[in-house]
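# would you be able to build a 3D model of this:
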Amino acid sequence: MVKRKICVVTGTRAEYGLLYWLMREIQEDAALQLQLIVTGMHLSTEFGLTYQVIESDGFNIDAKIEMLLASDTPVGITKSMGLGLIGFADALANLKPDIVVVLGDRYEILVAAQAALVANIPLAHIHGGELTEGLIDDSIRHSLTKMSHLHFTATEKYKRRVIQLGEREEFVFNFGAMCIDNLIKTNLLSEYELEDSLGISLDKKVFLVTYHPVTLEKGGVEKKIRDLLEVLSAYKDTTIIITKANSDAGGRLINELLEEFANTNSNVKIFTSLGQLKYLSLLKFADVVIGNSSSGIIEAPFFRTATVDIGIRQKGREKPYSVIECGETSEEIRLAIKKALSFDFRKNLSDFEMIYGKEAIAFKIKEILKNVDLKNILIKKFVDI
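Numbers count the residues shown, from 1 in each chain. Prediction:
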């Protein structure tokens, strides 16, 4: 039997966490062959060499594509994309997959999709139809939709939006957010195990902080980070766990400021990468998630954990009750955290409606990848509404 080759691309720790169970499903299906291309931050010492985590999880990496330059300026990132395109051209020519699977909206993924498009390889895109209006990711995500042949969305609203972009409804599937499988299937650390592994105490209130660059905003990132840190500095009796920013333009400056803050406050710990198990476990035990990461919108609500969503990075996403939106001034952040800790707000955290799916999402996606008829799938028709 000739196995269908499914090539999964990952460039960041967060994205790998979402793809983990899908990769497992593909790997364990006798009719499929998992191919894995690793790129971006996974291969960077600065961002924790997280490809080693992938290997320790039992996955074979078929191709490593080095593309990150030392510069995180727009020029540096554009040049990184050029390097990545060369690498993906070679990797796809060697691996000859039947389907390439990508998730999300980052520039590494755009490069992978471009290479697959030119190589006439069907592309499956996960998490299309969403909005993050403060980022170039928004344009990248919609571009990926137009380059893709199979679509897997996280909500019915996002499915309708993909169809609105001219995609054929029979190739658009709403199974839910990929993280739900992780949250259900992962054996999370106990309170004691988490305290021991991170060297922290969960007896006090716990803030989990992640702030990434807002790529469509020009300048001002230092002022915004300092405003956030000014607010956090008032919580001396709180354990504050910070995970570093990603490699988008401005990420290195953010990390420098965060490291300086952690080094001068004994109740603050900073990590380049917590890894999936520790991060999800911390989401469960945290009192408030603070910043502008999508994990505060999608994963944190699963644990009924409050989120303070700062600024416009996640503007446009569907958000449940547990998410409090606020501006980026110190006063706005202070008031939002105060609300997140208040009795009136927290009393309703136990029973709000979940909007991002239920279970078996990776299995359902795998079944489509396994059984979809690939004959003529490359010939796309734009569906006018």
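# list the buried residues for the helix ranked longest in the chain?
As assigned by DSSP state H, the longest helix anywhere in the chain is helix 74-95. By neighbour count on 16 or more other CB atoms under 10 Å, the buried set for helix 74-95 is Ile77, Ser80, Met81, Leu83, Gly84, Leu85, Gly87, Phe88, Ala89, Ala91, Leu92, Leu95. The C-beta positions use only the backbone N, C-alpha and C, and glycine is treated the same way.
# quick one: contacts of stretch 159-173?
Stretch 159-173 is contacted from outside by 128-130, 142, 145-146, 149-153, 174, 364-365, 368, 377, 380-385, using CB atoms under 8 Å, 6 or more residues apart in numbering.
# which members of these occur in strands, if any?
Among those, DSSP state E puts Leu150, His151, Phe152, Thr153, Asn174 in strands.
# top of these by number of neighbours, please.
Among those, Phe152 has the most neighbours (other CB atoms under 10 Å), with 30 neighbours.
# got phi/psi on the nearest residue to it once chain neighbours are set aside?
Closest residue to Phe152 apart from its sequence neighbours, by CB to CB, 6 or more residues apart in numbering: Ile126 at 4.6 Å. Note on Ile126: backbone dihedrals following degrees, to the nearest 10 are phi -110, psi 140.
# and for the one 4 residues further on?
Backbone geometry at Glu130, expressed as degrees, to the nearest 10, gives phi -90, psi 170.
# next: Ile140.
When quoted as degrees, to the nearest 10, the phi and psi of Ile140 stand at phi -60, psi -40.
# distance of it from Asn120?
Here Ile140 is placed at a distance of 21 Å from Asn120 (CB to CB, to the nearest Å).
# for Val288, same thing?
Taking CB to CB, one finds Val288 at 48 Å from Asn120.
# those two - which one has more neighbours?
Val288 (25 against 7).
# who's in contact with the more buried one?
Lys205, Val206, Phe207, Leu208, Thr305, Ala306, Thr307, Val308, Ile337, Ala340, Leu341.
# can you select the buried ones from those residues in PyMOL?
Of these, the buried ones go into a single PyMOL selection, burial set by 16+ other CB under 10 Å:
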select buried, resi 206+207+208+305+306+307+308+337+340+341
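# among the contacts of Val288, which are in strands?
Using DSSP E, the contacts of Val288 in strands are Lys205, Val206, Phe207, Leu208, Ala306, Thr307, Val308.
# for those residues, which one is nearest Asp196?
The closest of the ones in strands among the contacts of Val288 to Asp196 turns out to be Val206 (CB to CB; 15.0 Å).
# beta partners for the closest one?
Thr239 (DSSP bridges).
# quick check: it touching Tyr235?
No. Between Val206 and Tyr235 no contact is recorded; they are 10.4 Å apart, counting by CB atoms under 8 Å.
# number of residues surrounding Lys339?
There are 16 residues near Lys339, going by other CB under 10 Å.
# how near is it to Glu332?
11 Å.
# same check on Glu28?
Applying CB to CB to Glu28 and Glu332 gives a distance of 47 Å.
# now Lys146. Nearest residue, chain neighbours left out?
Spatial nearest neighbour of Lys146, chain neighbours left out: Leu165 (6.6 Å); criterion: CB to CB, 6+ apart.
# the one you found and Asp138, how far apart?
Leu165 is 13 Å from Asp138, by CB to CB.
# same check, this time on Tyr279
According to CB to CB, Tyr279 and Asp138 sit 24 Å apart.
# one step back: show me how far the longest helix of the chain is from its chain's centre.
Mean-position distance between helix 74-95 and its chain equals 21 Å (CA atoms, centre = their mean, to the nearest Å).
# following element in sequence after it, please.
strand 99-103 (DSSP states H and E).
# okay, now the sheet partners of that following strand, with direction.
If you go by DSSP bridges, strand 99-103 pairs up with strand 4-10 (parallel), strand 123-126 (parallel).
# now the last one: average pLDDT?
Looking at strand 123-126 alone, the average pLDDT works out to 98.
# pull out the buried positions in it.
In strand 123-126, counting by 16+ other CB under 10 Å, buried: Leu123, Ala124, His125, Ile126.
# separation between the nearest residue to His151 once chain neighbours are set aside and His127?
Closest residue to His151 apart from its sequence neighbours, by CB to CB, 6+ apart: Val172 at 4.5 Å. Applying CB to CB, the value for Val172 to His127 is 12 Å.
# touching both of the two, which residues are there?
Thr153.
# can you pull out the low-pLDDT segments for the stretch 151-300 of the chain?
215-219, 247-249 (pLDDT under 70).
# helices of that one, start to end?
156-164, 179-185, 191-198, 221-232, 251-263, 275-285, 295-298 (DSSP state H, counting those that start in this stretch).
# most packed of those?
Most buried of these by mean neighbour count (mean count of other CB atoms under 10 Å) is helix 295-298; its value is a mean of 25.
# how far is that helix from where the chain is centred?
9 Å.
# same question, stretch 221-229
On CA atoms, centre = their mean, the centre of stretch 221-229 falls 23 Å from the chain's centre.
# again, but for stretch 236-255
16 Å.
# do the same with stretch 329-341
What separates the centre of stretch 329-341 from the centre of its chain is 25 Å, taken as CA atoms, centre = their mean.
# what of stretch 121-131?
Worked out by CA atoms, centre = their mean, stretch 121-131 lies 14 Å from the chain centre.
# repeat that for stretch 301-308.
With CA atoms, centre = their mean as the basis, stretch 301-308 stands 16 Å off its chain's centre.
# now the end-to-end length of it.
12 Å (CA to CA, to the nearest Å).
# what does stretch 194-212 give?
Stretch 194-212: ends 24 Å apart by CA to CA.
# then stretch 48-65?
Stretch 48-65 has an end-to-end distance of 16 Å (CA to CA).
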